[in-house]
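predicted model follows, preceded by the sequence.
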Amino acid sequence: MKDPKFLQQSPPSQWVRYLISTETLWTAPLLVLAFASLIRFAVALNPYSGYDTPPLFGDYEAQRHWMELVTHLPSDQWYRYDLQWWGLDYPPLTAYHSWLCGKIGGWIQPVWFALDKSRGFESPESKFFMRCTVYFSELLIYVPAVFVFCQMVYGSQGYLKKHVSAILILLQPALIMIDHGHFQFNSVMLGFSFWAILGLISRHYILGAIAFCLALGFKQMALYYAPVVFAFLLGRCFTEDKGLLLFIKLGITVTVTFTLLFWPWVKDLDELGQVVHRIFPVARGLYEDKVANVWCTLNILLKLRQVLSLDATVKLSLIATLCAVVPISIHLGIYASPRRFLYALVNSSLAFFLFSFQVHEKSILLPLLPVSLLVLEEPVATNMMINTAMFSMFPLLKRELLVLPYFITLILWNWLSGIQNMEGLTSRCLIWGPQTVFMTWHLLEAYVPPPSHLPDLYTVINAVFSCGVFGLLFCYFVYRQFTLVPQKKDSPKIKAQ
């Protein structure tokens with residue numbers, strides 16, 4: 001069988017070719033999943049956020065504490081109880097997920113989640129259980145969506161392309177490092193978002209809307225996708241047969257789904273207000289730490305948080321974000337297609353990362369999901385995006401003693417993607433140019449101490465350079481969205497131009 005055009009231009013490594021060869025065709029998905037699982041458990045052997053660092057520890061303790069909290073207290077106390085010790089600040093579906101994990105863990109060993117008495121608990125057995133909760137949550141929600149997407153999009157183009165895309169998506173290093181290294185459950189939110197994408201591009205709009213509501217119900221960061229999801233669905237209401245009926249169905253679906261998610265609090269406006277206040281805090285400021293977004297970069301020249309009030313910075317970030325997102329969403333709503341939808345998701349989430357209020361460096365995982373789905377369509381841009389995202393998170397990962405898995409997962413992904421076989425001078429320059437900067441920065445940061453009066457010099461340089469690359473990629477993906485040409489595989493009822 002002749003290789004697809006992309007694989008002729010930029011073949012993956014020989015290991016990937018063997019993995020998905022015709023002789024192992026029926027076992028290819030199992031081997032892909034087994035290898036992806038092996039990498040995840042290898043990363044999980046390393047430290048995590050807050051490892052052995054009292055008094056508050058870190059994100060690991062936050063997730064463990066929420067399991068403790070929701071399994072011992074009534075729902076009206078979940079968002080009020082001792083907020084100084086990792087108070088719950090994610091939407092209700094996170095709380096329900098924590099309740100399920102906490103119940104299972106408490107049944108195995110009650111001391112792991114004893115109310116107040118288990119704070120900072122870090123026994124080897126409890127850590128293994130916690131790592132397993134991340135793995136199986138991803139296995140049940142995110143991983144199936146990957147295989148369904150690859151079958152849906154590339155299944156008719158041959159087995160090779162389908163399985164290459166699956167392994168590259170599953171081994172995307174940033175998600176592995178944050179969920180299985182740092183310790184979080186981003187794969188659940190991204191998994192529900194993934195199912196929403198699948199529902200919308202396959203024209204199962206109601207199911208897609210439910211899945212997206214679940215993503216929002218798990219982590220509020222899914223709002224990064226909300227403008228283009230809304231625009232895509234609203235556009236369908238104008239172009240599909242029985243569009244008015246679809247609009248009514250979508251309204252009922254969203255209302256019912258959110259009502260069920262927030263049911264324990266909807267009967268008391270004060271309780272509901274407390275939940276919303278915890279989910280959307282504004283007191284933390286414009287951004288956290290040194291983040292590779294516009295506001296942190298501008299802070300070098302103009303101390304915005306000192307010049308402007310908190311209310312003014314909220315308004316500034318809102319206006320900037322809307323100016324970036326609204327044209328993207330309007331264009332998608334008018335000229336919608338499945339492929340353009342993926343580009344719009346990249347652009348919306350990247351715009352939020354660059355311009356919105358209270359951005360964390362881990363928020364780059366939101367743009368990385370749709371970018372990963374374009375890995376075979378946009379190999380050079382995807383490579384730049386993933387490598388820059390990993391580079392931007394290095395200061396965080398270094399603080400948590402995750403330097404070794406950082407380099408191993410990043411090198412592995414680049415090797416499997418076959419970048420060493422990229423052809424064309426432009427492609428090689430675009431890939432190896434930023435990576436040369438990254439490698440130089442790593443060497444200097446490791447062996448040349450910063451000036452005593454500029455202790456954060458390397459972190460600032462990291463954030464500024466990463467922001468510059470993200471900005472260029474944002475311009476490129478916007479250009480691609482607005483100039484995308486129709487393809488036969490696009491739905492005939494959804495015009496690409």
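All right, it came through fine. Numbers count the residues shown, from 1 in each chain.

shouldn't A145 be in contact with F194?
Yes - with contact defined as CB atoms under 8 Å, A145 counts as touching F194 (3.8 Å). Heads up, the C-betas are built off the backbone N, CA and C, glycines and all.

so these two - more neighbours on which side?
F194 (26 against 21; other CB atoms under 10 Å).

now the more buried one, what's its secondary structure?
Classification of F194 into helix, strand or coil gives helix, according to DSSP: H, G, I helix; E, B strand; the rest coil.

quick check: phi and psi on V359?
Backbone torsions for V359, taken as degrees, to the nearest 10, come to phi -100, psi 140.

in the stretch 251-400 of the chain, mark out all the helices, start to finish.
Listed in chain order, the helices found in the stretch 251-400 of the chain under DSSP state H, counting those that start in this stretch are 263-266, 269-279, 294-298, 304-307, 310-334, 338-355, 365-373, 379-399.

and those helices: which comes nearest K242?
Distances from K242 to each of the helices of the stretch 251-400 of the chain were compared by CB to CB, and the smallest falls on helix 310-334, at 18.3 Å.

can you name every helix or strand that the closest one contacts?
For helix 310-334, the contact count by 3 or more CB pairs under 8 Å, 6 or more residues apart in numbering; DSSP states H and E identifies helix 226-239, helix 294-298, helix 304-307, helix 338-355, helix 457-483 as packing neighbours.

how far off centre is the shortest one?
I take that to be helix 304-307. With CA atoms, centre = their mean, to the nearest Å as the basis, the distance from the averaged C-alpha position of helix 304-307 to the chain average is 29 Å.

just stretch 55-74 next, same as before
Between the mean C-alpha location of stretch 55-74 and the chain-wide mean there is a distance of 22 Å, by CA atoms, centre = their mean.

list the buried residues for it?
Across stretch 55-74, burial judged by 16 or more other CB atoms under 10 Å covers 57-71.

how about the helices of the stretch 251-400 of the chain in CSV, adding distance to L31, mean neighbour count and mean pLDDT?
As requested, those are arranged in CSV below (distance: least, CB to CB, whole Å; neighbours: other CB atoms under 10 Å; pLDDT from 0 to 100):
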stretch, distance to L31, mean neighbour count, mean pLDDT
helix 263-266, 43, 16, 93
helix 269-279, 40, 15, 90
helix 294-298, 41, 20, 88
helix 304-307, 50, 12, 76
helix 310-334, 37, 17, 92
helix 338-355, 27, 26, 96
helix 365-373, 20, 25, 96
helix 379-399, 22, 22, 95
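
of all those, which one is nearest A463?
Distances from A463 to each of the helices of the stretch 251-400 of the chain were compared using CB to CB; the minimum, 5.3 Å, belongs to helix 294-298.

what sits up against that closest one?
Contacts made with helix 294-298 from outside it, assessed by CB atoms under 8 Å, 6 or more residues apart in numbering, are listed as 286-287, 290, 304, 313, 317, 320, 354-355, 359, 463-464, 467-468, 471.

tally of neighbours for Q151?
Using other CB under 10 Å, the number of residues around Q151 comes to 15.

contact partners for the nearest residue to it once chain neighbours are set aside?
Excluding the flanking residues, the one nearest Q151 by CB to CB, 6 or more residues apart in numbering is K162, at 6.2 Å. If a contact means CB under 8 Å, 6+ apart, then K162 has C150, Q151, Y154, G155 as its contacts.
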